[in-house]
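Chemist: Compute the structure for the input listed below.
(2 chains)
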Amino acid sequence: SQELEQSPQSLIVQEGKNLTINCTSSKTLYGLYWYKQKYGEGLIFLMMLQKGGEEKSHEKITAKLDEKKQQSSLHITASQPSHAGIYLCGADRFGNQFYFGTGTSLTVIP
Amino acid sequence: KAGVTQTPRYLIKTRGQQVTLSCSPISGHRSVSWYQQTPGQGLQFLFEYFSETQRNKGNFPGRFSGRQFSNSRSEMNVSTLELGDSALYLCASSLFWGKDTQYFGPGTRLTVL
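Modeler: Alright, predicted model coming up:
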């Protein structure tokens, strides 16, 4: 079973719209990472969250960690075509293997 | 600083053959991890190396192996290739192992015919 579930699986939005992607863990989260991937390419690190309630921003992308709910959300404000791609959350488990979420495919229509 | 590099970028092999993929980490990074990405299974962890020692291993058959050299460069090998091994193989490097931000290379696209 997947330890990190992302929702929605795919998203199509009009340019300029806001959107949110969620990542829910079935196990305790010690650190949560967000990455972006263009199809067939490597992953680009966006940000890492470590503490419950922590919120980080990078340009128009904001991510927040809710430790109690074992969930993280990624919010994009005023989406642009350059935001299109696959967003992946990932979590480490203290020296054990790193897990990735199921991924969310984002399409931004100009 | 140069990013993570992977060679080759594309590879076509036939069933039964073996293949070796190479990864050069970011300068100063001592940990290298390998992942397999397929449409059906998503991103799956293969193994992680630090200081030439395998620190973690994912749930893959013994046909998948790897090693790390003293300069932190890493190679992974897949023997007796199967059609299902067709995937994007991604390498990531980090300063240390276990709990550190990983930076990814562009990947090697392996096609098994």
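Chemist: any idea how far chain A is from residue B:19?
Modeler: Residue B:19 is 18 Å from chain A, where distance means CB to the nearest CB, to the nearest Å. (Each C-beta comes from the backbone N, C-alpha and C, glycine too.)
Chemist: Would you report the backbone torsion angles of that residue?
Modeler: Dihedral pair for residue B:19: phi -140, psi 150, per degrees, to the nearest 10.
Chemist: so how many other residues sit close to it?
Modeler: Counted with other CB atoms under 10 Å in any protein chain shown, the neighbours of residue B:19 add up to 18.
Chemist: Also the one 3 residues further on?
Modeler: Residues near residue B:22, counting by other CB under 10 Å, number 15.
Chemist: secondary structure class for it?
Modeler: Using DSSP: H, G, I helix; E, B strand; the rest coil, the structure places residue B:22 in strand.
Chemist: per-residue confidence for it?
Modeler: With respect to pLDDT, residue B:22 scores 98.
Chemist: My read is that residue B:25 contacts residue B:71, right?
Modeler: No. Contact between residue B:25 and residue B:71 fails when scored by CB atoms under 8 Å: they sit 9.1 Å apart.
Chemist: Would you mind telling me which of the two has more residues around it?
Modeler: A side-by-side neighbour count of residue B:25 and residue B:71, using other CB under 10 Å, places residue B:25 first with 27 against 11.
Chemist: Can you tell me how far the more buried one is from chain A?
Modeler: Residue B:25 sits 13 Å away from chain A, going by CB to the nearest CB.
Chemist: Show me what stretch B:59-66 is in contact with.
Modeler: Identification of contacts with stretch B:59-66 by CB atoms under 8 Å, 6 or more residues apart in numbering or on different chains yields B:34, B:36, B:44, B:46-47, B:49, B:54, B:74-80.
Chemist: would you turn those residues into a markdown table with secondary structure and pLDDT?
Modeler: Below are these laid out as a markdown table (DSSP: H, G, I helix; E, B strand; the rest coil; pLDDT from 0 to 100):
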| residue | secondary structure | pLDDT |
| --- | --- | --- |
| B:34 | strand | 97 |
| B:36 | strand | 97 |
| B:44 | strand | 92 |
| B:46 | strand | 95 |
| B:47 | strand | 92 |
| B:49 | strand | 94 |
| B:54 | strand | 93 |
| B:74 | strand | 98 |
| B:75 | strand | 98 |
| B:76 | strand | 98 |
| B:77 | strand | 98 |
| B:78 | strand | 98 |
| B:79 | coil | 95 |
| B:80 | coil | 97 |
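Chemist: ok, now which ones touch residue A:78?
Modeler: Residues near residue A:78 by CB under 8 Å, 6+ apart: A:16-18, A:60.
Chemist: which one among these gets closest to chain B?
Modeler: Taking CB to the nearest CB as the measure, chain B lies nearest residue A:60 of these, at 21.1 Å.
Chemist: and the closest one, what is it in contact with?
Modeler: Contacts of residue A:60 by CB under 8 Å, 6+ apart are A:76-80, A:83.
Chemist: Name only those of the residues you listed that count as buried.
Modeler: The neighbour-count test (16 or more other CB atoms under 10 Å in any protein chain shown) marks A:76, A:79, A:83 as buried among these.
Chemist: who's in contact with the first one?
Modeler: Translated: residue A:76. A:18-20, A:60-61, A:83, A:106.
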